[in-house]
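Enquirer: can't give you the sequence, but here's the structure:
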Ligand SMILES: CCCCCCCCCCCCCCCC(=O)N[C@@H](Cc1ccccc1)C(=O)O
């Protein structure tokens with residue numbers, strides 16, 4: 001090939017790449033419905049009264065700690081149960097609500113809707129919390145004291161704001177006479193923090209035994225309203241977890257030889273294990289950027305970014321390695337692009353002058369959906385490369401597949417729109433839940449599983465999860481209650497409202513109206529996107545005349561003389 005031909009080929013390739021990059025940059029635009037913002041002045045806005053605040057604080061003061069599987073503060077769980085019973089008298093006495101106590105401590109509420117043809121949905125949360133090392137906290141973890149408008153307590157964001165937020169919203173709605181069309185369930189497990197095998201799994205079995213086959217969607221705890229977490233985006237980003245990482249806990253064990261410390265061997269069990277652990281930490285797993293839900297997230301968010309970042313994010317096929325490097329720099333973003341590794345426990349030795357007879361460490365991996373458990377095991381084995389270190393699986397779960405997040409996915413859009421009603425300046429996007437939830441126990445009921453906590457977070461707040469100084473602002477708790485209020489109201493619709501092309505015209509006017517000149521009788525709603533869609537001849541004639549009148553009536557300077565028909569004069 002001549003030099004000229006080579007230049008022409010290179011120019012052609014570069015031009016083609018440029019065209020692809022630009023087309024993707026300017027065509028990836030997410031759905032944006034026009035939502036009606038929830039304002040504090042609205043008559044149905046639930047204000048954070050002293051009473052509401054006090055009962056939240058009381059719930060936080062009850063230390064419903066889970067320590068390990070089957071080991072949790074049983075008395076405290078019962079206490080929390082009676083606190084809920086007392087705090088929400090309308091919920092607990094409504095003929096529309098049935099409460100079942102499952103496995104002694106978990107709670108399953110069934111709220112009966114009037115239209116049994118609508119598939120019910122499920123809201124879940126958990127009653128338990130992780131332990132807290134009180135001495136390290138600014139304020140005691142189970143006092144729920146308020147400082148600078150924040151309530152500090154274990155469970156404030158994981159996840160008693162969910163428990164109390166859901167029940168506050170329901171209490172309010174029922175006390176205003178709300179009678180749902182669509183039935184729904186509320187499931188509160190009591191041991192989520194130790195995998196939910198006693199609580200959520202039992203709730204799920206109870207639902208199955210009742211013959212429940214399907215729910216429309218499930219909303220559990222999960223991602224949050226994030227400020228400053230995604231590079232390049234200033235406005236809040238509310239991520240809805242459509243998938244969930246898997247986990248793999250490995251036990252590393254080294255058998256040593258006990259003896260007097262004055263005559264040591266070259267290496268002790270502790271030394272051998274320490275080297276293995278150090279190799280594991282020095283060799284993070286590779287980035288999987290582009291192979292999981294994070295791809296959808298970045299493509300969704302690209303339009304919120306400055307042009308250069310937008311070009312990069314819209315074209316991960318080309319710029320993936322740069323983004324991977326960038327995201328690897330901070331723990332929250334690192335967590336979404338790869339399988340992560342945490343050495344969480346290390347034990348060995350009994351006395352300062354005794355050689356350890358063995359040593360044990362636990363490695364907790366959170367697995368990216370594009371990787372298998374076996375791949376991770378093989379990787380660790382190869383990295384450690386020492387037969388003296390025995391590796392066994394302590395616990396595991398494969399990653400959960402991505403739930404649908406398209407324009408017509410009812411559950412996703414209900415959650416997304418409810419978020420935007422509360423956090424009006426936020427943009428929503430599908431994301432991947434980096435921790436685990438109780439949702440694994442409900443996966444047979446639906447593929448529409450979403451994980452979102454109504455929690456506002458700023459950089460650094462992620463350390464409060466299972467860490468010290470867990471807290472929520474009073475304002476955020478009020479938002480949480482109103483978020484669940486909107487979820488319940490919005491999900492009570494038959495169909496996804498606002499799901500029209502109007503969103504593409506929203507920049508031209510706020511006067512957007514949606515009406516079909518269609519006459520409907522009960523049952524006809526099933527014909528939409530269903531079978532036997534039809535219109536009567538008469539109705540079609542009416543439709544034509546309706547549009548005739550829309551055109552003639554709108555052809556005026558201002559709103560006078562609308563009624564042109566002689567029979568109306
Ligand atoms: C793009 C940046 C993303 C930033 C994300 C920030 C959101 C932070 C979410 C933090 C995860 C919270 C998880 C809460 C629930 C929880 O702790 N679940 C537990 C469940 C579990 C228990 C025992 C064994 C395995 C699993 C867990 O994941 O450890």
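Expert: The structure has been received and is ready for your questions. Because the structure is predicted, anything quoted here is derived from the model rather than measured.

Enquirer: for the stretch 201-350 of the chain, what spans make up the strands?
Expert: Ranges of strands within the stretch 201-350 of the chain are 218-226, 237-244, 246-255, 259-260, 340-348, based on DSSP state E, counting those that start in this stretch.

Enquirer: in its sheet, what does the third one sit against?
Expert: Right, the one you point to is strand 246-255. The strands that strand 246-255 pairs with in its sheet are strand 358-367 (antiparallel), strand 389-397 (antiparallel) (by DSSP bridges).

Enquirer: could you redo the strands of the stretch 201-350 of the chain as TSV and give each row mean neighbour count?
Expert: Heads up, the C-betas are built off the backbone N, CA and C, glycines and all. Putting the strands of the stretch 201-350 of the chain into TSV (neighbours: other Cβ atoms under 10 Å) gives the following:
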stretch	mean neighbour count
strand 218-226	26
strand 237-244	26
strand 246-255	20
strand 259-260	12
strand 340-348	15
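
Enquirer: Make a markdown table out of the ones you listed and add mean pLDDT.
Expert: What follows is the strands of the stretch 201-350 of the chain, written out as a markdown table (pLDDT from 0 to 100):
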| stretch | mean pLDDT |
| --- | --- |
| strand 218-226 | 98 |
| strand 237-244 | 97 |
| strand 246-255 | 98 |
| strand 259-260 | 96 |
| strand 340-348 | 97 |
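
Enquirer: Same list (those strands) but as CSV, adding distance to residue 536.
Expert: Putting the strands of the stretch 201-350 of the chain into CSV (distance: least, Cβ to Cβ, whole Å) gives the following:
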stretch, distance to residue 536
strand 218-226, 39
strand 237-244, 41
strand 246-255, 54
strand 259-260, 94
strand 340-348, 60
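
Enquirer: Pipe these into a markdown table and attach distance to the ligand per row.
Expert: Conversion of the strands of the stretch 201-350 of the chain to a markdown table gives the following (distance: least, Cβ to the nearest ligand atom, whole Å):
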| stretch | distance to the ligand |
| --- | --- |
| strand 218-226 | 5 |
| strand 237-244 | 6 |
| strand 246-255 | 5 |
| strand 259-260 | 37 |
| strand 340-348 | 10 |
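
Enquirer: and whatever residue of the stretch 401-550 of the chain ends up closest to the ligand, helix, strand or coil?
Expert: Among the residues of the stretch 401-550 of the chain, residue 435 lies nearest to the ligand; the distance is 2.8 Å by Cβ to the nearest ligand atom. The local conformation at residue 435, judged by DSSP: H, G, I helix; E, B strand; the rest coil, is coil.

Enquirer: re the thing from before, including mean pLDDT and mean neighbour count, could the strands paired with strand 246-255 go into CSV?
Expert: Supplementary listing: these in CSV, determined by pLDDT from 0 to 100; neighbours: other Cβ atoms under 10 Å:
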stretch, mean pLDDT, mean neighbour count
strand 358-367, 98, 20
strand 389-397, 97, 14
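
Enquirer: Distance to the ligand for those strands - can I get that in a markdown table?
Expert: Formatted as a markdown table, those follow (distance: least, Cβ to the nearest ligand atom, whole Å):
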| stretch | distance to the ligand |
| --- | --- |
| strand 358-367 | 8 |
| strand 389-397 | 6 |
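
Enquirer: To residue 93, which of these lies closest?
Expert: Between residue 93 and the strands paired with strand 246-255, the tightest spacing by Cβ to Cβ is seen for strand 389-397, at 38.9 Å.

Enquirer: So what touches the closest one?
Expert: Residues lying outside strand 389-397 but in contact with it, judged by Cβ atoms under 8 Å, 6 or more residues apart in numbering, are 195, 246-255, 272-273, 276, 362, 373, 377, 380-381, 384, 436, 440.

Enquirer: Now the longest helix along the chain: buried residues?
Expert: Within the chain, and with DSSP state H defining each element, the longest helix by residue count is helix 3-27. Of the residues in helix 3-27, 21, 24-25 count as buried by neighbour count, 16 or more other Cβ atoms under 10 Å.

Enquirer: Just put the strands paired with strand 246-255 in CSV and tack on distance to residue 74.
Expert: As requested, the strands paired with strand 246-255 are exported to CSV (distance: least, Cβ to Cβ, whole Å):
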stretch, distance to residue 74
strand 358-367, 26
strand 389-397, 23
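
Enquirer: coming back round to it: any idea of the mean pLDDT for the longest helix of the chain?
Expert: Average pLDDT, helix 3-27: 76.

Enquirer: by contact count, what packs against it?
Expert: When contacts are defined as 3 or more Cβ pairs under 8 Å, 6 or more residues apart in numbering; DSSP states H and E, helix 3-27 sits against helix 307-314.

Enquirer: List the buried residues for the helix it packs on?
Expert: 309-314.

Enquirer: thinking again about what came up before, my guess is the residue of the stretch 401-550 of the chain closest to the ligand meets residue 366, correct?
Expert: Yes. Judged on Cβ atoms under 8 Å, residue 435 makes contact with residue 366 at a distance of 7.3 Å.

Enquirer: Now list whatever residues contact both of those two.
Expert: Counting by Cβ under 8 Å, 6+ apart, the contacts common to residue 435 and residue 366 are residue 245.

Enquirer: For stretch 211-221, measure first residue to last.
Expert: With Cα to Cα, to the nearest Å as the measure, stretch 211-221 spans 25 Å from end to end.

Enquirer: Next up, the contacts around the closest residue to the ligand within the stretch 1-150 of the chain.
Expert: Per Cβ to the nearest ligand atom, the residue of the stretch 1-150 of the chain with the smallest distance to the ligand is residue 130, at 6.9 Å. The neighbours of residue 130, taking Cβ under 8 Å, 6+ apart as the test, are 65-66, 154, 158, 193, 466.
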